[in-house]
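**Student:** give me a model of this one.
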Amino acid sequence: MEQVSQAPSSTPATRRRRSVRVLGATLLTGLLLGGAVPYVTGTGGTYLSYLVLDERTDAQGAEHAADRTRALGGKVVQDYPQIGAVLAYAGPRFAAELRRQPGIAAVGATRTVPVPSPPRPLAGSGFTGGDGGDGGDGTRTVAGPRPADPGPADPGPAGLGPAADDAAEGANLAEGADDSTATVPDPGEQSDWNLAMIGALDRPTGHAAALLRPPVAAGAGTPSADRAGALPTAQQLAGVTVAVLDSGVDDTHPDLRAAVDPAASASCADGRPDSRSGAWRPDDAINESGHGTHVAGIVGAARDGHGVTGVAPGVRIAAVRLLGPLGQYYAENIVCGMLWAADHGARAINDSYFADPWKYNCPEDADQAALAAAVGRAVAYAQRKGAVVVASAGNDGQDLNAGREDRRSPNDRTTGPPEDRRLGTECIRLPGELPGVVTVTAVDRTGLPTSYSNYGRGKVSIAAPGGDPDGGTQGAVVSDWPGGRYAALAGTSMSAAHVTGAVAVVAAQHPDWDPGRITAALSRAAADNCARTLPFGCRHDYYGAGILALPTG
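**Tutor:** Numbering: from 1, shown residues only. You can find the predicted model right below:
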């Protein structure tokens with residue numbers, strides 16, 4: 001998740017120590033009890049999970065990849081016919097052997113720590129609601145205790161790993177955990193500087209104005225002009241589905257219960273789509289589980305006089321849980337979520353996280369290259385199906401056009417320090433640096449770049465409100481939190497969610513527009529917003545096209 005922690009009661013070092021202790025106890029308990037984790041213990045060897053990509057990118061490719069996998073003793077647990085790939089579990093020498101097989105394009109281990117066995121069978125898993133394929137080519141989190149097993153077939157996601165604080169960019173911690181996120185009182189839809197900045201208010205901005213001169217509605221003479229006629233109605237937005245790929249969404253929250261579409265929601269927490277009722281919800285035993293609810297609120301919280309208002313109130317939200325059994329956003333979870341969202345008609349897909357266990361995936365490493373290829377195929381599939389894929393730029397304050405250090409990977413390790421990697425620009429974040437992805441940087445309420453946001457000319461697409469992690473409710477972004485609560489967070493996670501909501505607004509206004517036309521309209525409006533609001537304009541390495549503003553026509 002791409003959110004900046006605000007918990008004042010503990011230091012990052014303290015949180016990491018707690019994370020390691022909790023994860024060690026979690027893994028030991030799982031190995032002893034078996035039923036508390038989604039892996040069946042046994043006397044066999046240990047397994048790694050692998051993504052296997054065929055040279056063909058269709059259902060026949062997936063079938064061929066599965067056949068080759070089984071021939072070498074691998075266990076196929078999910079096929080992805082949309083992109084010619086499968087998810088398999090096998091021993092540590094599996095990848096090297098399979099890469100030599102004819103017709104196999106790439107094989108990559110998606111984790112670095114083995115598990116006792118493949119996941120148990122999951123009744124009813126599979127991709128439904130779409131055509132099954134077209135045959136074509138943000139926060140810092142802290143480990144928490146493993147939740148109870150929710151069912152006999154597949155326990156679902158569990159606790160966080162020791163360095164999961166690097167995966168979720170901008171997430172704060174759930175109330176009641178060791179490092180709790182402080183919730184705030186019901187803001188009554190008044191903490192909306194972020195909406196004023198992008199022109200999403202249908203009333204005068206008044207005290208909420210954030211920029212020097214807020215966006216002007218088409219044909220209006222003053223910045224405070226009523227924009228009600230320029231924004232789509234809730235009825236128009238109800239025809240648009242956006243997917244929130246994250247830690248889960250609390251669809252019982254008053255702001256979100258009318259927005260989340262159960263028929264389009266699922267869990268992909270182990271790389272398999274689980275559409276059982278409630279599978280998409282967060283687990284309150286995991287510290288960072290509130291992140292997805294916060295993001296969903298920014299996108300589409302209802303306008304009802306209570307709580308907060310989303311950028312696109314009335315939109316339909318496909319809640320897709322990615323947060324996996326060990327608190328990771330593994331590549332198979334992302335692939336599964338991306339394909340599910342695409343097949344369920346998402347016009348925008350929000351990705352406020354980066355892929356674990358490698359913060360940056362490098363092409364010279366065969367495993368990492370395969371993961372980038374698999375997620376790249378899934379993103380391209382979603383784009384061909386009509387979705388704008390939106391991702392957070394990250395909270396490391398790094399120039400993505402420069403060499404950099406990665407001292408956090410792999411972040412699924414259970415012992416020992418991470419590798420000290422010195423990387424070039426060929427190593428990329430997933431999914432934010434993939435072709436065509438709208439990658440979002442963060443600005444504060446004055447419209448200036450935040451110190452935590454990653455940047456880079458040609459690497460970032462647009463800037464949006466992310467807030468100040470030390471700014472409280474007036475400087476951070478207030479949104480929904482599980483259990484009917486609210487929290488003020490900051491990070492590029494929040495920025496990406498604003499852009500996702502804006503995509504929904506444009507899609508509601510122009511149902512026939514393709515992803516390219518939608519993003520072009522947002523880019524033009526963002527450039528105009530910079531010209532009107534900042535005295536010296538916007539530097540493209542920090543702002544991309546400019547500061548997000550809702551197009552008015």
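
**Student:** identify the bridge partners of the spatially most central residue of the chain.
**Tutor:** Centroid check for the chain by CA atoms, centre = their mean gives residue 351 as the closest residue, at 2.8 Å. On the basis of DSSP bridges, residue 351 is bridged to residue 245, residue 391.

**Student:** count the neighbours of the closest residue in space to residue 421 that isn't next to it in sequence for me.
**Tutor:** Nearest non-adjacent residue to residue 421, counting by CB to CB, 6 or more residues apart in numbering: residue 406, 4.3 Å away. Placement of C-beta: from N, CA and C, glycine included. Look at residue 406: counted by other CB atoms under 10 Å, it has 21 neighbours.

**Student:** same check on residue 79?
**Tutor:** 23.

**Student:** which of the three states applies to it?
**Tutor:** strand (DSSP: H, G, I helix; E, B strand; the rest coil).

**Student:** contacts only, for it.
**Tutor:** Residue 79 makes contacts with 62-63, 65-66, 85-87, as judged by CB atoms under 8 Å, 6 or more residues apart in numbering.

**Student:** ends of stretch 71-82, what's the gap?
**Tutor:** Terminal residues of stretch 71-82 are spaced 22 Å apart (CA to CA, to the nearest Å).

**Student:** how far off centre is that stretch?
**Tutor:** Here stretch 71-82 shows a centroid-to-chain-centroid distance of 25 Å under the convention CA atoms, centre = their mean, to the nearest Å.

**Student:** repeat that for stretch 273-293.
**Tutor:** Distance of stretch 273-293 from the chain centroid (CA atoms, centre = their mean) equals 13 Å.

**Student:** try stretch 441-457
**Tutor:** 19 Å.

**Student:** what residue ranges in this structure score low on pLDDT?
**Tutor:** 5-45, 128-180, 202-229, 287 (pLDDT under 70).

**Student:** can you tell me, leaving aside adjacent residues, what's nearest to residue 277?
**Tutor:** residue 262 (6.8 Å).

**Student:** what number of residues lie near the one you found?
**Tutor:** Neighbour tally, residue 262, other CB under 10 Å: 14.

**Student:** now swap in the one 3 residues further on and tell me
**Tutor:** Here the count is done by other CB under 10 Å, and residue 265 has 26 residues near it.

**Student:** same question for residue 324.
**Tutor:** 27.

**Student:** also the one 5 residues further on?
**Tutor:** When neighbours are counted by other CB under 10 Å, residue 329 registers 28.

**Student:** could you do residue 121 as well?
**Tutor:** When neighbours are defined as other CB under 10 Å, residue 121 has 11 of them.

**Student:** now do residue 235
**Tutor:** Neighbour count for residue 235, taken as other CB under 10 Å: 9.

**Student:** that one: what secondary structure?
**Tutor:** Assignment for residue 235 (three-state DSSP): helix.

**Student:** which ones are touching it?
**Tutor:** Here residue 235 is in contact with residue 314 (CB under 8 Å, 6+ apart).

**Student:** can I get the CA coordinates of stretch 436-446 in CSV?
**Tutor:** Extracted as CSV, the C-alpha positions of stretch 436-446 are listed here (Å, rounded to 0.1, in the frame of the first residue of the first chain):
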residue,chain,number,x,y,z
GLY,A,436,0.1,2.7,-20.3
VAL,A,437,-0.4,2.8,-16.6
VAL,A,438,-1.4,6.1,-15.2
THR,A,439,1.1,6.7,-12.4
VAL,A,440,0.2,9.3,-9.8
THR,A,441,2.4,11.5,-7.6
ALA,A,442,1.3,13.3,-4.5
VAL,A,443,0.8,17.0,-3.7
ASP,A,444,-0.1,18.7,-0.5
ARG,A,445,-3.1,21.1,0.1
THR,A,446,-1.0,24.0,-1.3
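
**Student:** buried ones in that stretch?
**Tutor:** The neighbour-count check on stretch 436-446 (16 or more other CB atoms under 10 Å) flags 437-445 as buried.

**Student:** equivalent analysis for stretch 113-128, please.
**Tutor:** For stretch 113-128, by 16+ other CB under 10 Å, it's 113, 115-120, 122, 125, 127.

**Student:** can you pull out the helices in the stretch 451-553 of the chain?
**Tutor:** For the stretch 451-553 of the chain, the helices defined by DSSP state H, counting those that start in this stretch cover 472-475, 492-509, 515-533, 540-543.

**Student:** quick one: residue 333 from residue 426, how far?
**Tutor:** Going from residue 333 to residue 426 by CB to CB, to the nearest Å gives 24 Å.

**Student:** neighbour count winner among those two?
**Tutor:** The residue with more neighbours, out of residue 333 and residue 426, is residue 333; 29 against 10, by other CB under 10 Å.

**Student:** these two touch, right, that one and residue 325?
**Tutor:** No. Between residue 333 and residue 325 there is no contact under CB atoms under 8 Å: 9.7 Å.

**Student:** overlap in contacts, these two.
**Tutor:** Counting by CB under 8 Å, 6+ apart, the residues touching both residue 333 and residue 325 are 269-270.

**Student:** which elements pack onto the host helix or strand of residue 439?
**Tutor:** For residue 439, the host element (DSSP states H and E) is strand 438-443. Under the contact definition 3 or more CB pairs under 8 Å, 6 or more residues apart in numbering; DSSP states H and E, strand 438-443 sits against strand 388-392, strand 462-465, helix 492-509, helix 540-543.

**Student:** if we use 10 Å, what do you get?
**Tutor:** Strand 438-443 makes packing contacts with strand 346-351, strand 388-392, strand 462-465, helix 492-509, helix 515-533, helix 540-543 when contacts are defined by 3 or more CB pairs under 10 Å, 6 or more residues apart in numbering; DSSP states H and E.

**Student:** pull out the buried positions in whichever helix or strand comes after the first one.
**Tutor:** Per DSSP H and E, the first helix or strand lying C-terminal to strand 346-351 is helix 366-384. Judged by neighbour count (16+ other CB under 10 Å), helix 366-384 contains these buried residues: 367-383.

**Student:** so helix 366-384 versus strand 346-351, what angle?
**Tutor:** Taking axes from the mean of the first three to the mean of the last three CA atoms, to 10 degrees, one finds helix 366-384 and strand 346-351 inclined to each other by 150 degrees.

**Student:** helix 366-384 to strand 388-392, inter-axis angle?
**Tutor:** Using the same axes, to 10 degrees: helix 366-384 against strand 388-392 is 130 degrees.

**Student:** by how many degrees do helix 366-384 and helix 515-533 diverge?
**Tutor:** Using the same axes, to 10 degrees, the direction of helix 366-384 lies 90 degrees away from that of helix 515-533.

**Student:** dump the C-alpha coordinates for helix 366-384 into PDB.
**Tutor:** Presented in PDB, the C-alpha positions along helix 366-384 are these (Å, rounded to 0.1, in the frame of the first residue of the first chain):
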ATOM      1  CA  ALA A 366      14.900 -14.600 -14.400                       C
ATOM      2  CA  ASP A 367      12.300 -14.800 -11.600                       C
ATOM      3  CA  GLN A 368      11.700 -11.000 -11.500                       C
ATOM      4  CA  ALA A 369      11.600 -10.800 -15.300                       C
ATOM      5  CA  ALA A 370       8.800 -13.400 -15.300                       C
ATOM      6  CA  LEU A 371       6.800 -11.600 -12.600                       C
ATOM      7  CA  ALA A 372       7.100  -8.300 -14.600                       C
ATOM      8  CA  ALA A 373       6.000 -10.200 -17.800                       C
ATOM      9  CA  ALA A 374       3.000 -11.800 -16.000                       C
ATOM     10  CA  VAL A 375       1.700  -8.600 -14.400                       C
ATOM     11  CA  GLY A 376       2.400  -6.800 -17.700                       C
ATOM     12  CA  ARG A 377       0.200  -9.300 -19.600                       C
ATOM     13  CA  ALA A 378      -2.600  -8.800 -17.000                       C
ATOM     14  CA  VAL A 379      -2.400  -5.000 -17.200                       C
ATOM     15  CA  ALA A 380      -2.400  -5.100 -21.000                       C
ATOM     16  CA  TYR A 381      -5.400  -7.400 -21.000                       C
ATOM     17  CA  ALA A 382      -7.300  -5.000 -18.700                       C
ATOM     18  CA  GLN A 383      -6.400  -2.100 -20.900                       C
ATOM     19  CA  ARG A 384      -7.700  -3.900 -24.000                       C
END
